[in-house]
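Colleague: Whatever this is, show me its structure:
(one chain, ligands or ions: 1)
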Amino acid sequence: MKTGYLGPRATFTDLAVREMFPEYESVAYTTIPDCIDAVVNDEIDIAVVPLENALEGSVNITLDYLIHEVDLPIRGELSAPIRQHLMVHPNQLDNWKEIKTIISHTHAIAQCHKFLHQELKGVRAEGYTSTAGAAQYVAEHSDEPIGAIANELAAKEYGLVIAKYDIHDFDFNHTRFIFLSKQALNLPIKPNYVGYKTTLMVTLPADHSGALHQVLSAFAWRKLNLIKIESRPTKTGLGNYFFIVDLDTALDDVLIPGAIAEIEALDCHVKILGSYPYYQLKK
Ligand SMILES: O=C(O)C(=O)Cc1ccccc1
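Modeller: Numbering: from 1, shown residues only. Next up is the predicted model:
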């Protein structure tokens with residue numbers, strides 16, 4: 001089996017792969033869509049991609065690619081703690097406060113806004129393909145007054161030094177990574193296994209007053225617990241949305257199919273994006 005992740009080595013996604021699939025060969029991709037396409041094209045068996053961060057919200061590129069471009073089920077999820085550090089080339093350590101530019105994945109920059117605003121006012125923050133990609137770039141440009149936001153493994157991997165540890169704005173900083181695969185996965189029974197989730201995509205009919213209320217009632221009276229609901233644009237016109245709903249239970253034969261039938265009777269469209277085990281790493 002082969003896994004794919006947003007590379008290069010030592011991204012947070014790579015850490016998730018090492019945690020969940022230590023025995024498999026892994027391949028680094030430059031973008032999340034490249035990594036997902038690699039499963040569609042049978043280059044790899046499993047794509048591990050970030051879906052949501054506790055501070056910054058959904059990773060829209062993942063969600064949108066999953067909804068609009070490919071048809072791959074979610075087979076599992078790992079929620080992992082995220083520690084962001086500011087790192088520079090060893091040549092720049094003495095005057096790291098004079099750096100002019102910080103590069104990282106846009107989600108990582110967003111997790112550190114308060115720190116950047118308060119401690120490095122006026123420093124330009126630029127998006128890069130990934131945190132580890134930014135660390136690699138900084139390592140290869142030792143004379144430039146730049147820094148990267150990334151994890152400790154990236155500092156080691158690319159020979160950078162950490163100027164400031166734990167610069168994320170809130171202590172509880174976790175990211176959900178999902179596993180996409182054509183085939184069912186035999187995921188391990190691990191101590192950090194929490195339970196099952198089912199993720200549905202619900203498209204409402206246009207201009208049907210009370211439709212969302214009725215959809216939610218179909219879950220409510222069956223005591224199906226919603227742990228997340230989010231709207232995303234359908235991309236067919238301003239004001240058209242669908243909803244992504246997470247239920248904290250596995251797909252069964254009665255309750256969820258019953259709720260789906262009821263919702264479809266309201267002229268809504270429902271797609272099951274996956275019913276999968278989830279794992280949680282604590283700090
Ligand atoms: O760039 C990375 O390291 C990634 O894996 C994407 C990401 C960025 C920030 C938090 C979690 C995942």
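Colleague: before we move on, what SS does residue 126 have?
Modeller: Following DSSP: H, G, I helix; E, B strand; the rest coil, we place residue 126 in the strand state.
Colleague: quick one, what contacts the closest residue to it other than its chain neighbours?
Modeller: Leaving aside its sequence neighbours, residue 126 sits nearest to residue 103 (CB to CB, 6 or more residues apart in numbering; 4.8 Å). Bear in mind the C-beta positions are built from the backbone N, C-alpha and C, glycine included. By CB atoms under 8 Å, 6 or more residues apart in numbering, the contact list for residue 103 reads 125-128, 134, 137-138, 146-149.
Colleague: Over to residue 134?
Modeller: Going by CB under 8 Å, 6+ apart, residue 134 touches 103-105, 128, 148-150.
Colleague: make it 7 Å
Modeller: 103-104, 128, 148-150 (CB atoms under 7 Å, 6 or more residues apart in numbering).
Colleague: Can you tell me which of the contacts of residue 103 are buried?
Modeller: 125, 128, 134, 137-138, 146-149 (16 or more other CB atoms under 10 Å).
Colleague: The ligand contacts on the stretch 51-200 of the chain?
Modeller: Selection of the stretch 51-200 of the chain residues close to the ligand by CB under 6 Å from any ligand atom yields 53, 82, 105, 107-108, 130-132, 175.
Colleague: which pair in the residues you listed spans the largest distance?
Modeller: Farthest pair in these (CB to CB) is 53 and 132. Separation: 16.3 Å.
Colleague: neighbour count winner among these two?
Modeller: residue 132 (30 against 20; other CB atoms under 10 Å).
Colleague: and the more buried one, what does it touch?
Modeller: Per CB under 7 Å, 6+ apart, neighbours of residue 132: 8-11, 14, 150, 154.
Colleague: where's residue 212 relative to residue 224, distance?
Modeller: For residue 212, the distance to residue 224 (CB to CB, to the nearest Å) stands at 16 Å.
Colleague: now residue 112
Modeller: 37 Å.
Colleague: neighbour-wise, which of the two wins?
Modeller: Ranked by neighbour count (other CB under 10 Å), residue 112 and residue 224 place residue 112 first, with 25 against 18.
Colleague: how close does the nearest residue to that one once chain neighbours are set aside sit to residue 54?
Modeller: Counting by CB to CB, 6+ apart, residue 167 is the residue found nearest to residue 112 once chain neighbours are left out, at 4.8 Å. Here the distance between residue 167 and residue 54 works out to 16 Å (CB to CB).
Colleague: Which one's more surrounded, the two?
Modeller: Using other CB under 10 Å as the criterion, residue 167 and residue 54 rank with residue 167 on top: 21 against 16.
Colleague: Does that one belong to a helix, a strand or coil?
Modeller: coil.
Colleague: Contacts only, for it.
Modeller: 84-86, 112, 115, 149.
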